[in-house]
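return a 3D structure for these sequence lines:
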Amino acid sequence: MSFISILLALLLEQAKPLPQINPVHNSVRNWVRWVMRNFDAGKPQHGWLAWSLAVSGPSLLVLGVHWLLVWQLGWAFAVVWNVAILYATLGFRQFSHHFTQIRDALDAGDEAAAREALAGWMRIDASALPRSEIVRHVIEYSVLSAHRHVFGVFAWYSLFAALGLGPAGAVFYRVSEYISVFAKRPTRPELPPVSDAVRDQAARAWALVDWLPSRVTALSFAFVGSFEEAVDSWRRHEAVHPLDNDGVVLAATAGAVNVRLGQDDPAASGQVPEPAHLRAVVGLVWRTVVMWMVFLALLSLARLLG
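A predicted model of the protein is given here:
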């Protein structure tokens, strides 16, 4: 079921990408805001309670529907539900249009347009960035987006599906990631305030939730890229920055395609980022997708033969 569900979801997402503003994401966003408004009282125990409710609510709802479909209508209807949830939680098209826009601007020699697109994507001041720094930012943000929107979802979905929990893992991972971003956002009058307790809890929880997926992604990049360089870069980075999940992914990427990532990082090495590295990163990501699909297909075949 996992292989079929992921394959169909990816094909559907490529054919008709989910709009950035959609009812599913809006519902999750409103749920998280409601939980924070009503359960965030500022104390550590309230931070844990608010995070737990915000993550478990959508996850349990998705799990309940999955089990209901399996028991009442059969696995075929459960597959449709899995595809629908994966379609809403994973996909390249949720971020790839930014990457394509910047890459095309750099290929055309229009660095001003590339800086403008980068600033709009990452909400940073890119007006003074040189060409190599534009490329570095694009590679780093694209790789992390691919990890969070695709490979991290693969990991948690596959784990939960193997335990009979359906697509709840995909929802658990994506909602955890959203809460970590939501808790760090600047204070705005129209949004509920977020206490330091929730910020701390969201950061700690996300570090735990993403620990295994980030290393699975890094290992996958090593397998489909330059293995020895990727693993060496990963080890050198983790020796300097232990427990840095994003850094592990970026270090493995840097070694896999031989590009220097990470500003002011003494453990970083490789070539200065150039537009050609953007194509190398695209190839790295797609080879990783193929590797994942082959792995899931083999697992599904083993279950059938077993």
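
how about the helices of the stretch 101-250 of the chain, start to end?
111-122, 131-146, 152-162, 168-184, 196-209, 211-224, 227-240, 245-257 (DSSP state H, counting those that start in this stretch).

could I get those helices as TSV with mean pLDDT?
Formatted as TSV, the helices of the stretch 101-250 of the chain follow (pLDDT from 0 to 100):
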stretch	mean pLDDT
helix 111-122	88
helix 131-146	92
helix 152-162	93
helix 168-184	94
helix 196-209	93
helix 211-224	96
helix 227-240	92
helix 245-257	94
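
which one of those lies closest to Arg33?
Of all the helices of the stretch 101-250 of the chain, helix 168-184 sits nearest to Arg33, with 8.1 Å by Cβ to Cβ. (Each C-beta comes from the backbone N, C-alpha and C, glycine too.)

show me what that closest one is packed against.
Counting contacts by 3 or more Cβ pairs under 8 Å, 6 or more residues apart in numbering; DSSP states H and E, helix 168-184 is packed against helix 23-39, helix 44-72, helix 75-89, helix 152-162, helix 196-209.

dump those to JSON lines, plus distance to Ala105 and mean neighbour count.
Formatted as JSON lines, the helices and strands packed on helix 168-184 follow (distance: least, Cβ to Cβ, whole Å; neighbours: other Cβ atoms under 10 Å):
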{"stretch": "helix 23-39", "distance to Ala105": "27", "mean neighbour count": "15"}
{"stretch": "helix 44-72", "distance to Ala105": "37", "mean neighbour count": "18"}
{"stretch": "helix 75-89", "distance to Ala105": "29", "mean neighbour count": "20"}
{"stretch": "helix 152-162", "distance to Ala105": "28", "mean neighbour count": "23"}
{"stretch": "helix 196-209", "distance to Ala105": "32", "mean neighbour count": "18"}
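
neighbours of Thr187, how many?
8 (other Cβ atoms under 10 Å).

that one is in contact with Pro193, isn't it?
Yes. Counting by Cβ atoms under 8 Å, Thr187 does reach Pro193; the two are 6.3 Å apart.

ok, how many other residues are close to the closest residue to Val231 other than its chain neighbours?
Nearest non-adjacent residue to Val231, counting by Cβ to Cβ, 6 or more residues apart in numbering: Ala222, 5.3 Å away. Ala222: 22 surrounding residues under other Cβ under 10 Å.

what's near enough to touch Ala222?
Residues near Ala222 by Cβ atoms under 8 Å, 6 or more residues apart in numbering: 230-231, 234, 252, 255-256.

what is the longest helix anywhere in the chain packed up against?
Taking DSSP state H as the criterion, the chain has its longest helix at helix 275-305. If you count contacts as 3+ Cβ pairs under 8 Å, 6+ apart, helix 275-305 packs onto helix 2-15, helix 96-107, helix 131-146, helix 211-224, helix 245-257.

mind doing that once more with 10 Å?
Counting contacts by 3 or more Cβ pairs under 10 Å, 6 or more residues apart in numbering; DSSP states H and E, helix 275-305 packs against helix 2-15, helix 96-107, helix 131-146, helix 152-162, helix 211-224, helix 245-257.

can you list those in CSV and add distance to Val294?
Below are the helices and strands packed on helix 275-305 laid out as CSV (distance: least, Cβ to Cβ, whole Å):
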stretch, distance to Val294
helix 2-15, 9
helix 96-107, 22
helix 131-146, 18
helix 152-162, 13
helix 211-224, 11
helix 245-257, 18
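
of those helices, flag the one that's most buried.
Mean neighbour count (mean count of other Cβ atoms under 10 Å) peaks for helix 245-257 among the helices and strands packed on helix 275-305, with a mean of 27.

how big is the angle separating it from helix 196-209?
In terms of direction (axes from the mean of the first three to the mean of the last three Cα atoms, to 10 degrees), helix 245-257 departs from helix 196-209 by 40 degrees.

what separates helix 245-257 from the chain centre, distance-wise?
14 Å (Cα atoms, centre = their mean, to the nearest Å).

please apply the same query to stretch 175-185.
Taking Cα atoms, centre = their mean, one finds stretch 175-185 lying 12 Å from the centre of the chain it belongs to.
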